[in-house]
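Asker: pasting the structure only:
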Ligand SMILES: Nc1ncnc2c1ncn2[C@@H]1O[C@H](COP(=O)(O)OP(=O)(O)OP(=O)(O)O)[C@@H](O)[C@H]1O
Ligand SMILES: [Mg+2]
């Protein structure tokens, strides 16, 4: 079922951050993800593209086990992060999610102050011993998310009172605050205008130095701008995965070619 | 456009548009129809609200006009003296209170004569006007023997007929001579009102007092049953809120979706529709006959009302938990919060206004519930010795506001009927304040996201 070029996979095996093996996801009787094998590189951006309903979000959510919250969802196969199977019974999903952060399609700050939004994660994980340390974490997370200048004078104001783009960067800051190693982003810019989008893309590019990022996007241009590798999904199958350059200029599979040239969707 | 294609000549429409542009000034048939039906619907709505308001005003007017007399009472303010000899004499008799009444009426009749009251009257008339002052006078002097021999100002309750005459329930036209009151007595009453002896004052004993026997409507008060209702509401609040909220959080956030939880869900909805009398008989069988809890006690009433209130609280709590956007849960889980942390740190605070409103509505419902209380004996109860040692706790026999109102309404003396209306006003004041509290809490806790 897997049409991915085998040569690519072999070279990446050694140092990949996330490696998925024969992953199947079922929603009740619906087989949403079929036999997906993929290696994701550390400290790089991997983009998932594909037509609506092909299973991008579903697969993304298996990486931090967000699908566990859905009763009807079952996952088979194995996903390893740093060589550890995240579906092993020994793994606590709460610990996993501290290591694999997530940014959602719609900005969803807590209805609390900007400060509390960022401080929530460190608080529940006990990352700061005192208020000064917590202040440091909040400040550095906001700085990394490029929001410090706009937010430093209004830390006590509600996060929900910010603009959409600011809210999304606040959500990124919130994810960064628990020092994750991987950040998953599900269409993080789909609710943003071009200027806010550009800011978030710039941010993603900077974050790549320290984090492994997986981003789902519907914008081919965005995938091309921010990602080093791209994976194309279709009807629950991973059709093709490779360096972004190659996927966009020289796709192997006919379906990939049709999709990126806009011939179906 | 859609309208055009839906109309019979829809097929031709595109040609028409290209041929000649349609004017926006001319309203077409379909739009006219649509606007008319919209107007009609608004008129129905306004009419419905108007009818609702009308009934509300009628209801409020009749409750207030019928109930207000219960809040006033007619008293005789008189000053008289009991000497040591009279006291000793009365105490030595068999019917002691009666002896005081004789002393009192005689003193009054000389007082009235001195005051130059022109209307003819006799001792019996004074007796008919004043209710039964004997025990009041006796208790006063037994408690304050040092007051014997000097004038004391008394405020004595008038009989219920005189009370009725004062507040307009009885008039000279509809009164019939009886051993309780005669037409000729009214002349004396009028004169006494003029000279300031008979007065209408605010009826504090009604607010603070306990129920009296059937022969003494003037002394009946709702205070004891307010206390009874208060204890019951405490039981209901402290049992149903934690149990209800815990059950809903578990069902809504943690329970797996399967046949068993579906069954529980259906049953909770059904329980909300079970008639309250069923809960009453259940309480009688389980709490009183099986567990041997005391009859007529607020604890039993509270337990029964808790059973009744739980489904209401569970349903409204689940609805408000459901209304919290799932994105908030995702956000919390996404930064590594456990399910419980997500619920308690984020979901519950957002659901709080809804939960509180539901709880208060449930409590208000319980406060007004009568039927189950009839079955566990919180009705037809007359307090003796109130306030000492009575209605002091969860275990002492008591009544509750609605049960008390029911008792009064069922009694034959018209004065009790008045009390029932007065009791309803008190009950409504409590319900109204609970609703206002619900609104205030809602405003306070409400946060936008
Ligand atoms: N909660 C769910 N319950 C049942 N089926 C689901 C659920 N979520 C997704 N699916 C199904 O799984 C398939 C993949 O959905 P998914 O949301 O992963 O698509 P997607 O690629 O993210 O689409 P989009 O680009 O529109 O977001 C779809 O066929 C969808 O109907
Ligand atoms: Mg999606």
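Answerer: Structure received. Not measured: the values here are computed from a predicted model. Numbering: from 1, shown residues only, chains lettered A, B, ... in the order given. Ligands and ions are numbered 1, 2, ... in the order given.

Asker: show residues contacting stretch B:79-89.
Answerer: Residues outside stretch B:79-89 that contact it (Cβ atoms under 8 Å, 6 or more residues apart in numbering or on different chains): B:99-100, B:103-104, B:107-108, B:111, B:137, B:141, B:145, B:148-154. Heads up, the C-betas are built off the backbone N, CA and C, glycines and all.

Asker: and with 7 Å instead?
Answerer: B:103-104, B:107, B:111, B:141, B:148-153 (Cβ atoms under 7 Å, 6 or more residues apart in numbering or on different chains).

Asker: run the chain-centre distance for it.
Answerer: Averaging C-alpha positions (Cα atoms, centre = their mean, to the nearest Å) puts stretch B:79-89 44 Å from its chain's average.

Asker: start and end of it, how far apart?
Answerer: End-to-end span of stretch B:79-89 (Cα to Cα, to the nearest Å): 21 Å.

Asker: please name the nearest non-neighbouring residue to residue B:147.
Answerer: Spatial nearest neighbour of residue B:147, excluding adjacent residues (Cβ to Cβ, 6 or more residues apart in numbering or on different chains): residue B:141 at 6.7 Å.

Asker: quick one: mean pLDDT for whichever helix or strand the one you found is part of?
Answerer: Here residue B:141 sits within helix B:134-143, counting by DSSP states H and E. What helix B:134-143 shows for mean pLDDT is 81.

Asker: residues from chain A in reach of chain B?
Answerer: Applying Cβ under 7 Å from any Cβ of the partner chain, we find that chain A lies next to chain B at A:66, A:69, A:71, A:94, A:97-98, A:101-102, A:104, A:106, A:108, A:110-111, A:120-121, A:124-125, A:160, A:174-175, A:178.

Asker: mind naming the longest helix for chain B?
Answerer: The longest helix of chain B (DSSP state H) is helix B:29-67.

Asker: please point out which parts of that helix sit buried.
Answerer: Residues B:66-67 are the ones in helix B:29-67 that count as buried (16 or more other Cβ atoms under 10 Å in any protein chain shown).

Asker: now the element after the helix or strand hosting residue B:190, going C-ward?
Answerer: Residue B:190 is located in helix B:185-194, with elements delineated by DSSP H and E. Next in sequence after helix B:185-194, counting helices and strands by DSSP H and E, comes strand B:198-202.

Asker: low-confidence bits of the stretch 151-265 of chain A, can you list those?
Answerer: A:264-265 (pLDDT under 70).

Asker: cutoff 80 now
Answerer: A:263-265 (pLDDT under 80).

Asker: what's the answer for the stretch 101-250 of chain B, then?
Answerer: In the stretch 101-250 of chain B (pLDDT under 80), the answer is B:109-127, B:131-136, B:160, B:167-169, B:174-184, B:195, B:209-219.

Asker: what segments of it are strands?
Answerer: B:152-157, B:198-202 (DSSP state E, counting those that start in this stretch).

Asker: neighbouring strands - and their directions - for the shortest one?
Answerer: Sheet pairing here is set by DSSP bridges, and for strand B:198-202 it gives strand B:72-80 (antiparallel).

Asker: quick one: residue A:80 is in a helix?
Answerer: No. Under DSSP: H, G, I helix; E, B strand; the rest coil, residue A:80 falls outside any helix and is assigned strand.

Asker: my guess is it contacts residue A:19, does it?
Answerer: Yes. The criterion here is Cβ atoms under 7 Å, and residue A:80 meets it with residue A:19 at 5.0 Å.

Asker: give me the contacts around the helix or strand that contains residue A:124.
Answerer: Using DSSP H and E, residue A:124 falls within helix A:114-125. With contact meaning Cβ under 7 Å, 6+ apart, helix A:114-125 is reached by A:98, A:109-110, A:128, A:134, A:137-138, A:141-142, A:151, A:154-157, A:159, A:170, A:173-174, A:177-178, B:335-337, B:341.

Asker: what does stretch A:60-79 rub up against?
Answerer: A:18, A:20-28, A:48, A:85-87, A:93, A:96-97, A:100, A:102, A:184, A:186, A:214, A:216, B:256-257, B:333.

Asker: list the buried residues of that stretch.
Answerer: Applying 16+ other Cβ under 10 Å to stretch A:60-79 flags A:60-69, A:73, A:75, A:77, A:79 as buried.

Asker: how about stretch B:119-131?
Answerer: Buried residues in stretch B:119-131 (16+ other Cβ under 10 Å): B:121, B:125-131.

Asker: just the endpoints, please. Distance across that stretch?
Answerer: 20 Å.

Asker: that one: how far from the chain's middle?
Answerer: From the chain centre to the centre of stretch B:119-131 is a distance of 38 Å (Cα atoms, centre = their mean).

Asker: same deal with stretch A:62-71?
Answerer: 14 Å.

Asker: go on, stretch B:66-73?
Answerer: Stretch B:66-73 sits 15 Å away from the centroid of its parent chain (Cα atoms, centre = their mean).

Asker: before we move on, what about stretch B:168-184?
Answerer: Relative to its chain's centre, stretch B:168-184 lies at 32 Å (Cα atoms, centre = their mean).

Asker: how about stretch B:81-101?
Answerer: 42 Å.
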